[in-house]
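In: The amino acid sequence is not available; the structure is as follows:
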DNA sequence: TTAACTTTCAAACATGCGTTTGAAACAGGC
DNA sequence: GCCTGTTTCAAACGCATGTTTGAAAGTTAA
């Protein structure tokens, strides 16, 4: 067997590795459209033709970046779920445990530039904001399994809610998390600024703490069939006053 | 007085108006970086030199777009707050009223392509995901006043929370909303797909209903000093088991 | 009608992009 | 050492972009 083949694994050789690492950073900072291959290859210290040689195209490089970053995070989340399920011995997981698996890996990693967590979060937010059709399959492949697993666990943990309601709340929870961690990643740091410095958006433990408290309460809030009729009527009247 | 000067207002002449309208659509669909002036001018049926003549640059055009879109929405939100405050006659607004002002204009408008609500939401999400420094001032100018007003109202409505906690929860609520409305705007329609069609992400009333119910519960959840010591200890132990 | 200003236009500028090409360098096995 | 395949390289390709330019067309007031 050739030594080169033994060394070639998922990460490829030195050039491929450096290229991937540089792409992670540049795509995260600039976004796909504004990132240029010349900038990436310059940061990697390799020749621009290497992109086509090792990855085939800019698009393929972006997909490789995403695959590289998302897999470890989601493996970790699934692993946390596994551990909690083993502890639970067949009973439903607690809501806190589920949210821990949903949030903590991402929130903490979003503060980790070395491991790529920072970049992953940036990229998730970016592809969500501006879809790239060529990314659809890698996103589904990486994120759908863990989403389904979490929703299933939530349904068992929150029997007062319909499955539909759980899906809505899952989406809200995800949005709340992505929103707060994306805020800290930007020059403006809006929440920190708006709050006059009260909110320390650099502290993942603080973020997780506040986030879980909010989401736990939101998740445990009543479902539609438990909301009072009076509140429902007031809301209908408010909706009748059209936005114009 | 020249007739041209009378006609020139904020909207400018026909060419400027068409250019702005086309830019709204193209920027929203493509994002700032991928949108080209040739595409915009082609859609507007004007010459490419008109961009520089009427707006000065691509960046300035983008700022003008944002200014054009954000102002009516925020005026509406402030107006809703005014009305609710007038009704309240000096007492704190109910949480539902505050959230109505926070969410409903944007959620409903996000379904309105004609009024630009759709485009505005898309643009907000995009500039958040990938900051453009040249947009910072227009964003602050347009959104900070209403944010501060809402946080103030929330503080009065939720006296069990510190001002810091209110800011966190405001941010989570905003994130939840932006996340769910951005989902429906994209080819994949993830929530609809993941939920096997259960969640109708085209229905603004449904979105608002579920969103408000979740956020009301989340906002009313206990603050940090009301959370049980046992839950806190369990969380500390979980944090000690490091992510890797 | 003329003059002054405004607006629009086609063409060009200056630069840049992702991709390709063919040769050189490298690596490894026989 | 030779051969084969792999990898890297500089240059080029084919095309695109935002901005500028100078002239033409349009508008308006005197």
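Out: Arrived safely. Predicted model only: the values in this text are computed from it and were never measured.
In: Residues of chain A that sit close to DNA strand D?
Out: By the criterion of Cβ under 7 Å from any atom of the strand, the positions of chain A lying close to DNA strand D are A:4, A:8, A:13-16, A:46-50, A:53-54. The C-beta positions use only the backbone N, C-alpha and C, and glycine is treated the same way.
In: Any chance of these in CSV with pLDDT and neighbour count as columns?
Out: Converted to CSV, these look like this (pLDDT from 0 to 100; neighbours: other Cβ atoms under 10 Å in any protein chain shown):
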residue, pLDDT, neighbour count
A:4, 31, 8
A:8, 32, 12
A:13, 83, 13
A:14, 89, 12
A:15, 93, 16
A:16, 93, 19
A:46, 94, 19
A:47, 95, 11
A:48, 96, 14
A:49, 95, 10
A:50, 95, 17
A:53, 95, 13
A:54, 95, 18
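In: just these now: which is nearest chain B?
Out: Closest to chain B out of those is residue A:48 (20.1 Å), distances taken as Cβ to the nearest Cβ.
In: How about the closest one: what's its closest non-neighbour residue?
Out: Counting by Cβ to Cβ, 6 or more residues apart in numbering or on different chains, residue A:48 lies nearest to residue A:41, which is 4.7 Å off, once chain neighbours are set aside.
In: Contact partners for the one you found?
Out: Taking Cβ atoms under 8 Å, 6 or more residues apart in numbering or on different chains as the definition of contact, the neighbours of residue A:41 are A:19, A:22, A:47, A:48, A:50, A:51.
In: same thing with residue A:67?
Out: A:138, A:142.
In: Tally up the residues packed near residue A:45, please.
Out: 11 (other Cβ atoms under 10 Å in any protein chain shown).
In: Over to the one 10 residues further on?
Out: Residues within reach of residue A:55, counting by other Cβ under 10 Å, total 20.
In: from memory it sits against residue A:61, does it?
Out: Yes: using Cβ atoms under 8 Å, residue A:55 and residue A:61 qualify as a contacting pair, with a distance of 4.3 Å.
In: Let me know the pLDDT of residue A:19.
Out: Per-residue pLDDT puts residue A:19 at 95.
In: Helix, strand, or coil at it?
Out: Taking DSSP: H, G, I helix; E, B strand; the rest coil as the rule, one finds residue A:19 in the helix state.
In: That one: what's it in contact with?
Out: With contact taken as Cβ under 8 Å, 6+ apart, residue A:19 is in contact with A:40, A:41, A:44, A:46, A:50, A:51, A:54, A:55, A:61.
In: switch to 6 Å and redo it
Out: Residues touching residue A:19, when contacts are defined by Cβ atoms under 6 Å, 6 or more residues apart in numbering or on different chains, comprise A:44, A:46, A:50.
In: From residue A:119, how far out is the last one?
Out: To residue A:119, residue A:50 is 20 Å away according to Cβ to Cβ, to the nearest Å.
In: What of the first one?
Out: With the distance defined as Cβ to Cβ, residue A:44 ends up 15 Å from residue A:119.
In: Show me which of the two is the more surrounded one.
Out: Relative neighbour count places residue A:119 above the other of residue A:44 and residue A:119, with 26 against 23, counting by other Cβ under 10 Å.
In: Please go through chain A and pick out the longest helix.
Out: Of all the segments assigned as helix in chain A under DSSP state H, the longest by residue count is helix A:58-88.
In: do that one and DNA strand C meet?
Out: Yes: shown here: helix A:58-88 in contact with DNA strand C (Cβ under 7 Å from any atom of the strand) through A:58, A:59.
In: just how off-centre is that helix within its chain?
Out: The chain centroid and the centroid of helix A:58-88 are separated by 10 Å under Cα atoms, centre = their mean, to the nearest Å.
In: If you count contacts, what does the following helix or strand past that helix end up packed against?
Out: On the C-terminal side of helix A:58-88, the nearest following helix or strand under DSSP states H and E is helix A:95-109. Helices and strands touching helix A:95-109, as assessed by 3 or more Cβ pairs under 6 Å, 6 or more residues apart in numbering or on different chains; DSSP states H and E, comprise helix A:58-88, helix A:136-157, helix A:204-220.
In: if you set the cut-off to 8 Å instead, what comes out?
Out: Counting contacts by 3 or more Cβ pairs under 8 Å, 6 or more residues apart in numbering or on different chains; DSSP states H and E, helix A:95-109 packs against helix A:58-88, helix A:117-129, helix A:136-157, helix A:163-184, helix A:204-220, helix B:229-240.
In: hey, least reliable of the ones you listed by pLDDT?
Out: Averaging pLDDT over each of those puts helix B:229-240 lowest, since it has a mean of 45.
In: quick one on the thing from earlier: give me the buried positions along the longest helix of chain A.
Out: Judged by neighbour count (16 or more other Cβ atoms under 10 Å in any protein chain shown), helix A:58-88 contains these buried residues: A:58, A:61-66, A:68-70, A:72-74, A:76-78, A:80-81, A:84-85.
In: three-state assignment of residue A:24?
Out: What three-state DSSP gives for residue A:24 is helix.
In: so what's the closest residue to it other than its chain neighbours up against?
Out: For residue A:24, ignoring the flanking residues on the chain, the nearest one in space by Cβ to Cβ, 6+ apart is residue A:119 at 4.8 Å. Neighbour list for residue A:119: A:24, A:25, A:27, A:28, A:65, A:69, A:113 [criterion: Cβ under 8 Å, 6+ apart].
In: got it, and residue A:182?
Out: Each residue near residue A:182 by Cβ under 8 Å, 6+ apart is listed here: A:121, A:122, A:125, B:128, B:129.
In: now, which of these sits nearest DNA strand D?
Out: Within the set of the contacts of residue A:182, residue B:129 lies nearest DNA strand D; the separation is 19.0 Å, counting by Cβ to the nearest atom of the strand.
In: Please give me every residue in contact with the nearest residue to that closest one once chain neighbours are set aside.
Out: Distance criterion Cβ to Cβ, 6+ apart; nearest residue to residue B:129, sequence neighbours excluded, is residue A:129 at 3.5 Å. When contacts are counted by Cβ under 8 Å, 6+ apart, residue A:129 touches B:31, B:122, B:125, B:126, B:128, B:129, B:130, B:182.
In: Need the max-distance pair from those residues.
Out: B:130 and B:182 (13.6 Å; Cβ to Cβ).
In: related to what we said a few turns ago, and which of the contacts of residue A:41 is nearest residue A:196?
Out: Where the contacts of residue A:41 are concerned, and distances follow Cβ to Cβ, residue A:196 has its nearest neighbour in residue A:22, at 37.6 Å.
In: Run a quick neighbour tally on the closest one.
Out: Residue A:22 is flanked by 21 other residues according to other Cβ under 10 Å.
In: Also residue A:137?
Out: The local packing count at residue A:137 equals 10, with neighbours defined by other Cβ under 10 Å.
In: try residue A:97
Out: One way to gauge burial is a neighbour count; for residue A:97, by other Cβ under 10 Å, it gives 21.
In: show me the contacts for it.
Out: Applying Cβ under 8 Å, 6+ apart, one finds that residue A:97 lies in contact with A:84, A:88.
In: Against residue B:157, how distant is it?
Out: Where residue B:157 is concerned, residue A:97 sits at a distance of 31 Å (Cβ to Cβ).
In: any idea what sits nearest residue A:178, other than its immediate chain neighbours?
Out: For residue A:178, the closest residue by Cβ to Cβ, 6+ apart turns out to be residue A:125, at 5.7 Å.
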